[in-house]
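K.L.:
okay, predicted coordinates and the sequence, questions at the end:
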Amino acid sequence: MQTRTLDPSTFQFLTPTPDQIQTMEIVRKRFLELASYLEVTLPPGADKTYLMRKLREVAMWASVSITRQSDGSPRNQDQS
């Protein structure tokens, strides 16, 4: 079994580049649009609460994927 090594910065704050900030703002806007629609469309209850929590989690992971490679190393402007 192969051991995967994580980048030392994996658990540290990573300042996004200006391009990454712009992408994150667009993605967050889209998540907010979806969350707002779901808020007014779905009935209250445990399932809706769970969904909204997971949506926030997925939004967070979207931001992480914009700034980091799969090994945790920073994704700079030269990488996609």
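P.N.:
Perfect, I can see it now. Everything numeric here is computed off the predicted structure, so don't read it as measured data.
K.L.:
max-length helix in the chain?
P.N.:
Ordering each helix of the chain by length in residues (DSSP state H) puts helix 18-41 first.
K.L.:
continuing past that one, what's the next helix or strand?
P.N.:
helix 46-67 (DSSP states H and E).
K.L.:
elements contacting that following helix?
P.N.:
Applying 3 or more C-beta pairs under 8 Å, 6 or more residues apart in numbering; DSSP states H and E, one finds that helix 46-67 makes contact with helix 18-41. C-beta: built from backbone N, CA, C; applies to glycine.
K.L.:
Lys48 reaches Leu38, doesn't it?
P.N.:
Yes. With contact taken as C-beta atoms under 8 Å, Lys48 and Leu38 are classed as touching, separated by 7.4 Å.
K.L.:
returning to what we had before: the longest helix of the chain vs helix 46-67, what angle?
P.N.:
170 degrees (axes from the mean of the first three to the mean of the last three C-alpha atoms, to 10 degrees).
K.L.:
flag every buried residue along helix 18-41.
P.N.:
With burial defined by 16 or more other C-beta atoms under 10 Å, the residues of helix 18-41 counted as buried are Gln20, Thr23, Met24, Phe31.
K.L.:
ok, the closest residue to the second one other than its chain neighbours - contacts?
P.N.:
Leaving aside its sequence neighbours, Thr23 sits nearest to Ile66 (C-beta to C-beta, 6 or more residues apart in numbering; 5.3 Å). By C-beta atoms under 8 Å, 6 or more residues apart in numbering, the contact list for Ile66 reads Pro16, Gln20, Thr23, Met24, Val27, Arg75.
K.L.:
what sits against Gln20?
P.N.:
Counting by C-beta under 8 Å, 6+ apart, Gln20 touches Ile66, Thr67, Arg75.
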